[in-house]
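# Predicted coordinates and the sequence they were generated for:
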Amino acid sequence: MTQHTVNRNESVISISGLYKSFGDLEVLKGIDLNLFKGENVAVLGKSGTGKSVLIKIIIGLLKPDKGEVLVLGSNVAELRSKELDQIRLRIGFSFQSSALYDSMNVYQNLAFPLTMNVKNLSKGKVDDAVMEVLDAVGLRDKLKQMPSDLSGGQRKRIGIARTLILKPEIMLYDEPTSGLDPLTSTEIIELINEVQQKYNTSSLIITHDLTCAKNTANRIAMLFEGKFLKIGKFDEVFDTDDDQLRGFYNYNFIQ
Amino acid sequence: MVKNYTKEFLFSKGLDDYFTGINDAFRFTARFFKEVVKRPIHLREVINQSFEVGLKSLALISLTGFIVGIVFTKQSRPSLEEFGATSWLPSLIGIAIIKALGPLVTALICAGKVGSSIGAELGSMKVTEQIDAMEVSAINPFKYLVVTRVLATTITIPVLALYCSFVALYGSYLNVHAEETSSLISFYQNAFKTINFLDIITSVVKTVVYGFTIGIVGCYKGFNATQGTRGVGNAANQAVVLAMFLIFIEEVIIVQMTNWIRYF
């Protein structure tokens, strides 16, 4: 568990009464959640329960049907595109697929968000920023490689580095360990904790990997059928006789 | 409780989807005109994309233009010979190539080469969430990906069409020279004798319209790709088919409008 200090008086993300449907399919059915400053919260749930939809609403890629999502004090659904961009600059989004630009090498991938958002930046400063984030994810030697030459774990790391280059206050991780072997998953878990310590971020981690949730999150929120079944510390949430929660726990820890 | 969606169609699912698609395409095109005048311009990306468009098609256009010139001259010769009018060949070829074949051949080749590549590239960026990744980094993907590519095709395809026409005329000259030993200069003078300013302007306008069509259709199909790798294939395929279809319709409309202006 991380040693980071959490300020429970200040919410960086505050969600209340959130609904989202796609056609007849109701995905989120009344979600309430607070992410406090400096805190890591893991959202756990089965595949297809709307975990990714939740963070896509937070970042403004999807619009909610009903409810309020306040991110850093602003209601993202009501922001104009320029205001939304200002909020997005303060949020890092790590995609499940890493979403690296496959026509660019690692350096260009990392420099791209910086040069596009910060005007008149000298090449030296861009190089320094790129090397700093590459050091943070431990992949300094991959500077000139293309994304197709990287392993799954390395792609995840570069994806995280690309978000770190803009020094975000909030990190949103979409399935950070999915598709990775246990050792690489452990490295990503360590990286998530290092990012929280070094960059002083608050994070929402979408996962169905209990090991990841247990080792990165201050609190976990169990999403079942569009609603949070339970929110709290890891041991509190799984100290239960609820069949769904026990099933989730038993599968992950092979009991 | 959240609104419960029911499937209610105005006409039928197919017709509704068809009209929704047309509406989406118009909105996409309107967005281009809105975004193209906004800063930043991404000039470097426009130049990169123009090079891509030009380089991708140059070899094929050279070869096709050259062959079109030779073949068209060879095919036309017997008919003119019947009337003892082979001296009209350069003028006939000039009209055919500059007014119709040069722009059309270039547009069709570029629709195949460039349109499909734009559709596939943006389609694969869409399904692998690279476009979303741009958006969450506060970069406008429409401005960076669509506007730059459409500008590149709109600028480059007229230049390629001009080049194609000259190569085709050169191919035609080689055939005429072999039979009638005319000089290159007199061939080009004869070829342009019956071409007036309106013809040149029409050809340029036509190629600008074709270039824009190829770019916007490729980007629209790519940007709206769904269903994984299959969607990427569909986007590339539809980009070519729709662009070619629109090019032929535009050709008819522009020729008709030019004739109205000519006889006004």
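Okay, I see it.
# only C-alpha atoms for contact and neighbour calcs from this point on.
OK.
# Which parts of the stretch 51-200 of chain B are helices?
Ranges of helices in the stretch 51-200 of chain B, per DSSP state H, counting those that start in this stretch, are B:89-94, B:102-110, B:116-127, B:130-136, B:141, B:148-180, B:184-193, B:197-223.
# got TSV for those helices, with mean pLDDT, mean neighbour count and distance to chain A too?
Formatted as TSV, the helices of the stretch 51-200 of chain B follow (pLDDT from 0 to 100; neighbours: other CA atoms under 10 Å in any protein chain shown; distance: least, CA to the nearest CA, whole Å):
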stretch	mean pLDDT	mean neighbour count	distance to chain A
helix B:89-94	88	23	42
helix B:102-110	94	26	21
helix B:116-127	93	26	8
helix B:130-136	94	22	5
helix B:141	94	18	11
helix B:148-180	92	22	15
helix B:184-193	86	16	44
helix B:197-223	94	24	15
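# A:Pro113 is nearest to which of these?
helix B:130-136 (7.9 Å; CA to CA).
# helices or strands next to that closest one in the packing?
strand A:91-94, helix B:141 (3 or more CA pairs under 8 Å, 6 or more residues apart in numbering or on different chains; DSSP states H and E).
# next helix or strand past that helix?
helix B:141 (DSSP states H and E).
# neighbouring contacts of that following helix?
With contact meaning CA atoms under 8 Å, 6 or more residues apart in numbering or on different chains, helix B:141 is reached by B:Ile131, B:Met134, B:Glu135.
# Let me have these in a markdown table, extended by distance to B:Gly228.
As requested, the contacts of helix B:141 are exported to a markdown table (distance: CA to CA, whole Å):
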| residue | distance to B:Gly228 |
| --- | --- |
| B:Ile131 | 14 |
| B:Met134 | 19 |
| B:Glu135 | 19 |
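# for the helices and strands packed on helix B:130-136, which one ends up most surrounded?
With neighbours defined as mean count of other CA atoms under 10 Å in any protein chain shown, the helices and strands packed on helix B:130-136 peak in mean count at strand A:91-94, which reaches a mean of 27.
# Moving C-terminal from that one, which element do we reach first?
Downstream of strand A:91-94, the first helix or strand assigned by DSSP H and E is helix A:106-117.
# so what's residue 133 closest to, chain neighbours aside?
Assuming you mean chain A. Leaving aside its chain neighbours, A:Val133 sits nearest to A:Ala161 (5.3 Å; criterion: CA to CA, 6 or more residues apart in numbering or on different chains).
# other chain: chain B
Of all residues not flanking B:Ala133 in the chain, A:Ala99 sits nearest, at 6.3 Å (CA to CA, 6+ apart).
# can you check A:Met146 too?
Counting by CA to CA, 6+ apart, A:Met146 lies nearest to A:Asn105, which is 4.3 Å off, once chain neighbours are set aside.
# For the one you found, which residues are in contact?
Shown in contact with A:Asn105 (CA under 8 Å, 6+ apart): A:Leu143, A:Lys144, A:Gln145, A:Met146, A:Pro147.
# min pLDDT across the residues you listed, which one?
Going through the contacts of A:Asn105 one by one, the lowest pLDDT turns up at A:Leu143, 87.
# can you count the residues close to that one?
Neighbourhood size, A:Leu143 [other CA atoms under 10 Å in any protein chain shown]: 17.
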